[in-house]
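> need a structure here:
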Amino acid sequence: MDLTAIANESLTDKGTVTGLGHGYTLFYELLLSSRRLEPLNFCEIGLCRGGPEVEDGAIDRTVEALPSVAMWHAYLPNAKLFGVDISDFSSFESDWFRFVRADCGDAAQLQKVVDLEVDFDVILDDGSHAAFHQQQTFLRLFPTLKSGGLFIIEDMHWQPDTYEFRLPEVPLTDELFRRFIRDGHFSDSGALGLDRWRALEPDIKNVFLIDEDWLYGHRRQYNARHGLGPDQPTLADLAEGRHLTDSRFWRRLAGRVLSEVKGSSAGSRRPRIKLAIVQKA
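Model (predicted):
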C-alpha cells in the first residue's frame with residue numbers, strides 16, 4: 001500500500017501534490033510500513049489547515065474533513081488515532097478517533113493529552129509551527145511515548161508571524177536540536193527552562209533532521225514516475241529550464257533571497273530543515 005498515493009487522494013499536503021506537496025509521506029512510509037497493521041497509538045497535533053496561525057484563519061472554523069486523519073486511518077487500519085487542535089473537531093470522533101481540544105501555548109491544556117494515560121507509538125506535531133508551541137508540546141508530550149516511539153515535528157522551516165513574535169522567546173526548534181546533535185546536550189533554551197530539557201536527555205535515543213532538498217528531491221522523483229506535480233510549485237520546481245519564463249519563479253526567488261538574508265548571520269546560511277524525528281530510548 002502506497003502512503004503517498006493515499007495522501008494525495010486524501011488531499012493532505014503531507015503528500016506530493018496538494019498545496020506545497022511537502023513529500024513527508026515518502027519518509028513516513030520508510031518508518032511505518034513494517035508496522036502498518038499493528039494496533040498503534042498515533043497522535044497528531046494540528047488537524048487541518050486554516051487555523052489562527054495564518055492571517056485569514058480562525059479558531060472557530062468549520063471543516064468538512066480532516067485529510068491527514070483520513071489518510072492515517074486508511075494506512076494504519078488497526079491504529080487508535082488521537083487528534084489535538086485549538087479548534088473544535090469533536091464532531092469527527094469515532095470508535096477509532098479521539099479528539100482533544102487544546103491550545104499548545106497553554107501547558108495546562110496540553111496536560112489533557114497526558115491525562116489520557118496513553119502510551120503513544122507516534123506523536124506528530126503539525127500544529128501552529130511557532131517555535132514556542134513546538135517546544136512546549138515536545139516537553140509535555142515526549143514523556144508519553146513508548147520506548148522506541150517517535151516524536152515528529154513538521155514544517156520547522158516556517159514560523160507564523162501571527163504567533164512567533166508575541167510568544168515567549170525561545171530558539172528556533174531546528175537550531176535547538178542541531179545543537180543537541182552537535183554537543184550531546186541541550187543549551188540556550190530561552191523561556192522554557194534548560195532544566196526541563198536536560199531532564200529529557202537520557203530518554204532521547206536518536207534525533208534525525210531532514211532538510212528541504214532531500215524531501216523535494218524525492219518528491220520530484222515520485223511525481224515524475226506518476227505524472228504528477230504539486231499545486232504550488234517550489235522554487236526548485238520552477239527553476240527547471242522550462243519554468244524560467246514563469247513569473248512565479250522570479251517572485252519566489254526574490255522571497256527566498258529575502259528569507260535567507262533575514263534569517264542568516266554574517267557569513268553563514270541556516271540550513272532549511274523541514275522535519276525532525278526524535279526517537280525515545
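> starting at the chain centroid, how far to stretch 131-145?
Its chain's C-alpha centre and that of stretch 131-145 lie 13 Å apart, by Cα atoms, centre = their mean, to the nearest Å.
> alpha carbons of that stretch, as PDB, please.
Provided in PDB are the C-alpha atoms of stretch 131-145 (Å, rounded to 0.1, in the frame of the first residue of the first chain):
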ATOM      1  CA  ALA A 131       8.800  27.600  17.900                       C
ATOM      2  CA  PHE A 132       7.400  28.100  21.500                       C
ATOM      3  CA  HIS A 133       4.400  25.900  20.700                       C
ATOM      4  CA  GLN A 134       6.600  23.200  19.200                       C
ATOM      5  CA  GLN A 135       8.900  23.100  22.100                       C
ATOM      6  CA  GLN A 136       6.300  23.300  24.900                       C
ATOM      7  CA  THR A 137       4.400  20.500  23.200                       C
ATOM      8  CA  PHE A 138       7.600  18.400  23.000                       C
ATOM      9  CA  LEU A 139       8.500  18.900  26.700                       C
ATOM     10  CA  ARG A 140       4.900  18.000  27.700                       C
ATOM     11  CA  LEU A 141       4.300  15.000  25.400                       C
ATOM     12  CA  PHE A 142       7.600  13.400  24.700                       C
ATOM     13  CA  PRO A 143       7.400  11.500  28.000                       C
ATOM     14  CA  THR A 144       4.200   9.900  26.900                       C
ATOM     15  CA  LEU A 145       5.900   8.000  24.100                       C
END
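> report the buried residues of that stretch.
Using 16 or more other Cβ atoms under 10 Å as the test for burial, stretch 131-145 gives 131-142, 144-145. Every C-beta, even on glycine, is put in place using the N, C-alpha and C of the backbone.
> could I get the residues you listed as TSV with distance to residue 196 and secondary structure?
Converted to TSV, the buried residues of stretch 131-145 look like this (distance: Cβ to Cβ, whole Å; DSSP: H, G, I helix; E, B strand; the rest coil):
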residue	distance to residue 196	secondary structure
131	15	helix
132	13	helix
133	15	helix
134	14	helix
135	9	helix
136	10	helix
137	13	helix
138	10	helix
139	5	helix
140	10	helix
141	13	helix
142	11	helix
144	15	helix
145	16	strand
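> contact partners of stretch 72-86?
1, 3, 6, 10, 32, 36-48, 51-52, 59, 66, 69, 89, 92, 96-104, 113, 116, 118, 120, 127-128 (Cβ atoms under 8 Å, 6 or more residues apart in numbering).
> what does stretch 59-70 give?
7, 10-12, 14, 18, 44, 47-48, 50-52, 81, 83, 86-89, 92, 97, 126.
> what of stretch 41-50?
13, 19, 56-58, 61, 63, 65-69, 72, 76, 79-85, 87, 89, 104, 113, 118-128, 137, 141, 146.
> so among the residues you listed, which ones count as buried?
13, 57, 61, 66-69, 72, 76, 79-85, 87, 89, 104, 113, 120-128, 137, 141.
> could you pull up the residues touching residue 31?
Contacts of residue 31 (Cβ under 8 Å, 6+ apart): 150, 277.
> doesn't it belong to a helix?
Yes: the assignment for residue 31 by DSSP: H, G, I helix; E, B strand; the rest coil puts it in a helix.
> what about stretch 231-242, average pLDDT?
Mean pLDDT, computed over stretch 231-242, is 69.
> quick one: the strands in this protein, in order.
41-45, 80-85, 97-101, 120-125, 145-153, 204-211, 273-280 (DSSP state E).
> can I get those in CSV including mean pLDDT?
Compiled in CSV, the strands of the chain are given as follows (pLDDT from 0 to 100):
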stretch, mean pLDDT
strand 41-45, 98
strand 80-85, 97
strand 97-101, 97
strand 120-125, 98
strand 145-153, 98
strand 204-211, 97
strand 273-280, 97
